[in-house]
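**Student:** Sequence and predicted structure are below.
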Amino acid sequence: MRSRWFTPLLILTTLASAAAHFLSTNEPIRFTLASLSLLLWAALLGKATESVAHYAGERLGGFLNATFGNAAELIIAIFLVQKGLFDMVKASITGSIIGNLLLVLGLSIFCGGLKYKTQSFNTMLAGHNASLMLLAVIALFSPAAFDNRLDQSGMQSFSLIIAGLLIVSYFLWLIFSMITHKKELGESPVMEAPTSGVSQTSNHFEEPEWTKRNSILLLFIAAVFVAIQSEWLVGSVEAVASALGWSELFVGAFLIAIIGNAAEHSAAIFLAMKNRMGAAVEIAVGSSLQISLFVAPALVFISLFFDKTMDLTFTSIELAAIAIAAFIATSISRDGSTNWFEGVLLLIVYAILGTGFYLV
């Protein structure tokens, strides 16, 4: 990062957060310092992602960001699974999916659309993303549909089979998109001029400030610290939320999800404002797909190592939220072009769902 103050502030907030975590018992202080440190590490992660995308391409760069960004959420979820807090795990999975599809994608489209009248990305990729989201919705709906006809053992077996099939489909998608159809699913060549009328500079091909090796190293380091700060923050967020009288559903689906998605927020928005909507969509939608097709199923298998097996039976509220988010997001992005108003629509839907979860 070129700003002189960034590195010292990053080190200072990280040390302060570590000191508060290990030495202080004041949860609000822990929460505040962990949040500040997390935001700065997320900013570094976003910058490193842009640099990696320059060398590896938008699809691989976006995939790496989604993977490293979701590492924090996976670590958080594993801690919750270990404690047997399956309801909060499912709420956080729900929040991660709708947060990426509505909040992250919505803010990216809105912020990018303020500068560029229309932003385009690969339509074939958009169509496949829509189909995969439909698969995820069907898979998550199925256990709830059969809930009354299966006992606990049957539901756990059904969930394990679904989880295995989702993981297989996810890896097949990676082979399809990264190997066999890599060229067809590449970034869109369309580049729109800014709405301000200023001629576009070659931001898209602008030289990164780090080498390829340093970019990957910084991406890895930033992801590790994002995961650490996220875990520290979650340790305090439950006490803070309890003091404020927030429900477990709202904390899991929105508060923890927003915190866990901080990395994706900064990177996707930053790339969209540089007219790299393909990479922004890959981060937002790709992250949701990774959560629903890999992280959630993986947690089912991980829970086998603990006392109780987690199933994939979500509540009707959570399923409705996931279906609504998938429907509006795929409807808006399927044509391969976006504008600021479509971003507003996604944010409004997110606000509607957030209000409902808060009032439950």
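**Tutor:** Looks like it came in fine. Numbers count the residues shown, from 1 in each chain.
**Student:** and stretch 270-282, how far from the chain's centre?
**Tutor:** Computed by Cα atoms, centre = their mean, to the nearest Å, the chain-centroid distance of stretch 270-282 equals 15 Å.
**Student:** Straight-line length of it, end to end?
**Tutor:** End-to-end distance of stretch 270-282 (Cα to Cα, to the nearest Å): 13 Å.
**Student:** let's have the chain start at 454 instead
**Tutor:** All right, first residue 454 from here; so that's stretch 723-735.
**Student:** what is the mean pLDDT for it?
**Tutor:** Stretch 723-735 shows a mean pLDDT of 86.
**Student:** Now do the helix or strand hosting Leu752: everything it contacts.
**Tutor:** Secondary structure assigned from DSSP states H and E places Leu752 in helix 749-755. Residues outside helix 749-755 that contact it (Cβ atoms under 8 Å, 6 or more residues apart in numbering): 527, 530-531, 534, 542, 546, 593, 612-613, 615-617, 619-620, 762-765. Yep, even glycine has a C-beta here, placed from its N, CA and C like the rest.
**Student:** Tell me if I'm right that Ala495 and Phe723 touch.
**Tutor:** No - checked against Cβ atoms under 8 Å, the pair Ala495 and Phe723 is beyond contact range at 10.4 Å.
**Student:** which residue packs closest to Ser477, ignoring adjacent ones?
**Tutor:** Arg483 (6.2 Å; Cβ to Cβ, 6 or more residues apart in numbering).
**Student:** Around Tyr623, how many other residues sit close by?
**Tutor:** A count of nearby residues for Tyr623, using other Cβ atoms under 10 Å, gives 20.
**Student:** who's in contact with it?
**Tutor:** Per Cβ under 8 Å, 6+ apart, neighbours of Tyr623: 742-743, 746-747.
**Student:** what comes up buried for the regular element (helix or strand) spanning Ser740?
**Tutor:** Under the criterion of DSSP H and E, Ser740 resides in helix 730-743. Across helix 730-743, burial judged by 16 or more other Cβ atoms under 10 Å covers 730-743.
**Student:** which among those gets closest to Leu772?
**Tutor:** Leu772 lies nearest to Ser741 out of the buried residues of helix 730-743, by Cβ to Cβ, at 14.9 Å.
**Student:** gap between that closest one and Gly548?
**Tutor:** Distance, Ser741 to Gly548, by Cβ to Cβ, to the nearest Å: 11 Å.
**Student:** quick one on the thing from earlier: name the helices or strands packed onto the helix holding Ser740?
**Tutor:** helix 480-509, helix 511-535, helix 539-551, helix 558-568, helix 576-598, helix 605-628, helix 715-725, helix 769-786 (3 or more Cβ pairs under 8 Å, 6 or more residues apart in numbering; DSSP states H and E).
**Student:** Buried by neighbour count: which residues of the last one qualify?
**Tutor:** Neighbour-count burial for helix 769-786, counted by 16+ other Cβ under 10 Å, picks out 770-772, 774-783, 785-786.
**Student:** still on that earlier bit, can you check which of the helices and strands packed on helix 730-743 gets nearest to Gly688?
**Tutor:** Once the helices and strands packed on helix 730-743 are compared by Cβ to Cβ, helix 480-509 is nearest, at 7.4 Å.
**Student:** Show me how far that closest one is from its chain's centre.
**Tutor:** 13 Å.
**Student:** Going by neighbour count, which residues in it are buried?
**Tutor:** Applying 16+ other Cβ under 10 Å to helix 480-509 flags 480, 482-507, 509 as buried.
**Student:** And for stretch 594-611?
**Tutor:** Buried-residue list, stretch 594-611, by 16+ other Cβ under 10 Å: 595-597, 603, 608-609, 611.
**Student:** average pLDDT across stretch 572-580?
**Tutor:** Mean per-residue pLDDT for stretch 572-580: 85.
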